[in-house]
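In: Kindly return the folded structure for what I paste below:
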Amino acid sequence: MAQPQASFQAAEFGAAEGQDSKNFWALALGSVGVVFGDIGTSPLYAFKEAITAASRQGTVAEATLGVLSLIFWSLTFVVTMKYVLLLLRADNKGEGGMFALMALGQSVAKRSAPLLGALGIAGASFFYGDAVITPAISVLSAVEGLTLIAPQFEVAVIPVSLIVLAGLFWMQSRGTDRVARFFGPVMAVWFGILALGGLMHIADNLHVLYALNPFYAVQFVYEHGVLGLTVMGLVFLACTGAEALYADLGHFGRRPITVSWLYFVMPALVLNYFGQGALVMNDAAAVENPFYRLYPDFMLIPMLILSTFATVIASQAVITGAFSLTRQAIQLGLIPRFEIRHTSESMAGQIYMPRVNWLLFLAVLVVIFAFRTSSNLASAYGISVTAAMVIDTMMAFFVIWKCWNWPVWRVALIVLPILLIE
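Out: Here you go, the predicted model:
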């Protein structure tokens, strides 16, 4: 099988090279809605689940700094360093994702080509699992949240979820660009509200800023043994959606995604997590639902509605990522040809694949009827996400070593800590 030639874009321009400033900011706003939807909804549950588990051996206040430090440094190492600063530069003809890494690695590491091929196919399989589970768990969790307003809505959770999902998959035919125009502003408001909620409470207990020191993360894992590892697994929920960030490279380009993450999305997430931390350090009872406790009572219903929109939008990142991954699989001769519709005149990576879209929709329906609740889906969700990330890291080792000609010791110095965390 002929290998595609690697194409690397200059750091100054990325995949958005040649676009004017107006188009760049449009892509950046679109990436906020499509690329970061999944990781942007993690504050709803990641800190709550981790701090609840961590406080089993000690008080909530004692566990908070360790949990926050683990979240902050996981976002820094796994999302920022691995995906944003490293893997977004490893594109194959403008495309990112599992098969892009596989093709790049095979083009330079001939003797390891069979291993890389197996890793690429396995990783893609886990990503498709993620693309099925994410819409199901996101929409279910959103609709289940509405029962806080009216408990009698519980019987309508599955029917309403199906209606919402049908609308989401129907919208895909309008193209990533049009979907992003709607989702982008909604998620921009969402991240702004996340940051505001955190800022309102960080000042309640400034000791929470000590969590920026990685010592607290290491100390927590060291002192808590098996529980520390369990909490690390729950902390990793804060990173879900990072793999889709790389897979969506072809839709928006490296520079818009990088700028959106570094200057808007990550600061908003960190502020929200630290706000939740300061809240529970002052009031241990808030651990029951620290996210919604950040906001005044009169904002509960608006926040539930906005959260519903945000979790639905979270599905978009993996759906568009699945389109990109499937096109690469066709180009590599791994699957038969499917219809591909280009939906943008300016970005070649923005595509719609009808057959893939509706196969995903059918798979999501099967998952919803089989698991029925978001809690039942949680374990399967974690397995698909973490497995895809671990495989990404293993293939990235070959790409950085062979394609970028880095010394093995330097590659190991960067890759092994990330692999260990994952």
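
In: Downstream of the helix or strand hosting Glu223, the next helix or strand is which one?
Out: Using DSSP states H and E, Glu223 sits in helix 215-235. Scanning the chain past helix 215-235 towards its C-terminal end, the next helix or strand to appear is helix 242-247 (assignment: DSSP H and E).

In: distance of Leu334 from Ala103?
Out: Using C-beta to C-beta, to the nearest Å, we find Leu334 at a distance of 11 Å from Ala103. C-beta: built from backbone N, CA, C; applies to glycine.

In: Nearest residue to the spatially most central residue of the chain in space, please, no chain neighbours.
Out: Within the chain, the residue whose C-alpha comes closest to the C-alpha centroid is Gly241; the distance, by C-alpha atoms, centre = their mean, is 1.2 Å. Spatial nearest neighbour of Gly241, chain neighbours left out: Asp38 (2.8 Å); criterion: C-beta to C-beta, 6 or more residues apart in numbering.

In: Show me what the helix or strand where that neighbour lies is packed up against.
Out: Here Asp38 is covered by helix 37-40, with elements defined by DSSP H and E. Using 3 or more C-beta pairs under 8 Å, 6 or more residues apart in numbering; DSSP states H and E as the contact criterion, the secondary-structure elements in contact with helix 37-40 are helix 176-202, helix 242-247, helix 266-282, helix 300-331.

In: Can you give me the buried ones in the last one?
Out: Read it as helix 300-331. By neighbour count on 16 or more other C-beta atoms under 10 Å, the buried set for helix 300-331 is 303-304, 307-330.

In: is it true that Asn357 lies in a strand?
Out: No - assignment of Asn357 by DSSP: H, G, I helix; E, B strand; the rest coil gives helix, placing it outside any strand.

In: So it sits against Leu168, correct?
Out: No - applying C-beta atoms under 8 Å as the test, Asn357 and Leu168 come out as separate, 10.1 Å apart.

In: Please identify every residue contacting each of these two.
Out: Contact criterion C-beta atoms under 8 Å, 6 or more residues apart in numbering; residues shared by Asn357 and Leu168: Ile319.

In: Export only the CA atoms of stretch 219-235, formatted as PDB.
Out: Taking Å, rounded to 0.1, in the frame of the first residue of the first chain, the C-alpha atoms of stretch 219-235 are listed here in PDB:
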ATOM      1  CA  GLN A 219       1.900  14.100  47.100                       C
ATOM      2  CA  PHE A 220      -1.800  13.200  46.800                       C
ATOM      3  CA  VAL A 221      -1.200  10.200  44.600                       C
ATOM      4  CA  TYR A 222       1.800   9.100  46.700                       C
ATOM      5  CA  GLU A 223       0.000   9.300  50.100                       C
ATOM      6  CA  HIS A 224      -3.300   7.700  49.000                       C
ATOM      7  CA  GLY A 225      -2.200   4.500  47.200                       C
ATOM      8  CA  VAL A 226      -4.900   2.800  45.300                       C
ATOM      9  CA  LEU A 227      -7.400   5.600  46.100                       C
ATOM     10  CA  GLY A 228      -4.900   8.000  44.500                       C
ATOM     11  CA  LEU A 229      -5.000   6.000  41.200                       C
ATOM     12  CA  THR A 230      -8.800   5.800  41.300                       C
ATOM     13  CA  VAL A 231      -9.000   9.600  41.700                       C
ATOM     14  CA  MET A 232      -6.500  10.000  38.800                       C
ATOM     15  CA  GLY A 233      -8.900   8.000  36.600                       C
ATOM     16  CA  LEU A 234     -11.800  10.300  37.600                       C
ATOM     17  CA  VAL A 235      -9.600  13.400  37.100                       C
END
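
In: Could you list the residues in contact with it?
Out: Contact with stretch 219-235 is made by 46, 49-50, 53-54, 56-57, 63, 65-67, 69-71, 74, 382, 421, as judged by C-beta under 8 Å, 6+ apart.
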